[in-house]
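> any chance you can model this:
(one chain, ligands or ions: 1)
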Amino acid sequence: MTRPPLTSCILLAGGKGLRMGNSMPKQFLELNGKPVALHSFDLFSRMSEFLEVVVVCPKEFQSLFLKKKLSCPLHFAPPGKERQDSLWNGLAKVSKTADFVCIHDAARPFVTAEVVQNVLQGGFEVGAAAAAMPITSTIKETDGKGFVVKTLNRSTLFEIQTPQVIHIPLLKQGFQKLKEQQVTVTDDVSLVELIGAPVKLVTGAKINQKLTTPEDLRDC
Ligand code: C5P
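Just a heads-up that it's a prediction; the model follows:
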């Protein structure tokens with residue numbers, strides 16, 4: 001590629017956040033004076049690395065993002081049933097000129113520019129990259145009934161975060177495979193794994209945690 005790759009940011013804010021036990025989706029609860037989703041949105045929409053930002057969210061929350069003075073174009077897409085359906089809807093709104101997408105969970109408000117830039121670099125080099133942190137706890141696999149099947153070797157295990165950066169042609173091939181196999185994935189680079197292409201893990205940040213339960217929000 002002779003010119004720098006063009007990258008669109010897709011911010012996933014279409015979940016219902018049921019584990020938060022609140023009628024308001026977790027990504028729109030107030031955190032330090034603004035909705036959770038606005039924290040990462042403010043970062044992405046200011047970064048010169050992005051061609052545009054596509055926010056996947058319910059129509060009634062679009063106005064929150066429109067209140068902002070933006071330095072790049074903003075598009076919206078409707079949420080889907082599963083996270084992967086929301087990504088599919090977001091991808092449909094990405095400009096034809098884009099080479100890569102950088103996908104982020106709106107429920108991770110503390111992502112830093114440094115993490116984003118490192119994941120972008122990894123994605124540009126390999127085709128697909130995700131932020132990740134080494135596991136520090138011991139992880140055991142169970143039989144689903146509370147009994148241990150085996151203890152996993154934690155030195156090879158990582159907890160996956162977002163952002164995740166993927167070359168758009170690879171992502172489209174992944175979606176084709178996903179539809180053939182009718183599977184559900186819980187992150188974006190899993191789509192690249194489905195077609196057997198490499199995925200690079202890049203060091204994320206401890207602070208880049210996902211807000212899932214009310215305790216997570218209280219601890220911030
Ligand atoms: O449900 P989970 O915590 O994995 O969601 C991660 C992110 O994906 C959240 O920011 C959530 O709003 C988003 N999501 C979505 N559409 C869905 C499910 C989740 O945009 N159907």
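> quick one: the helices in this structure, in order.
For the chain, the helices defined by DSSP state H occupy 36-46, 62-66, 83-92, 113-126, 168-181, 190-194, 214-218.
> quick check: residue 209 touching residue 108?
Yes. Counting by CB atoms under 8 Å, residue 108 is a contact partner of residue 209 at 6.9 Å. (C-beta placed from N, C-alpha, C; glycine too.)
> between these two, which one's more packed in?
residue 108 (25 against 19; other CB atoms under 10 Å).
> what about the more buried one, distance to residue 167?
22 Å (CB to CB, to the nearest Å).
> give me the most central residue, the protein.
The residue lying closest to the centre of the chain (CA atoms, centre = their mean) is residue 104, at 2.8 Å.
> near the ligand, which residues of the chain?
12-15, 27, 56, 79-83, 86, 105-107, 210, 212 (CB under 6 Å from any ligand atom).
> please repeat the previous calculation with a cut-off of 5 Å.
12-15, 27, 56, 79, 83, 86, 105-107 (CB under 5 Å from any ligand atom).
> among the residues you listed, which ones are in strands?
Judged by DSSP state E, the residues of the chain next to the ligand include 12, 56, 105 as members of strands.
> the second one contacts residue 9, correct?
It refers to residue 56. No. Between residue 56 and residue 9 there is no contact under CB under 8 Å: 11.1 Å.
> which one of those two has more residues nearby?
Using other CB under 10 Å, the more surrounded residue of residue 56 and residue 9 is residue 9, with 30 against 27.
> quick check: that one vs residue 190, distance?
Distance from residue 9 to residue 190, by CB to CB: 19 Å.
> do the same with residue 111
20 Å.
> give the contact list for the residue nearest to the centre of the chain.
9-12, 40, 44, 111, 162-164 (CB atoms under 8 Å, 6 or more residues apart in numbering).
> go again with 7 Å.
For residue 104, the contact set (CB atoms under 7 Å, 6 or more residues apart in numbering) comprises 9, 11-12, 40, 44, 111, 162-163.
> how about a markdown table for the helices of the chain, with mean neighbour count and mean pLDDT added?
Conversion of these to a markdown table gives the following (neighbours: other CB atoms under 10 Å; pLDDT from 0 to 100):
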| stretch | mean neighbour count | mean pLDDT |
| --- | --- | --- |
| helix 36-46 | 21 | 96 |
| helix 62-66 | 14 | 95 |
| helix 83-92 | 20 | 98 |
| helix 113-126 | 19 | 98 |
| helix 168-181 | 15 | 98 |
| helix 190-194 | 20 | 98 |
| helix 214-218 | 12 | 75 |
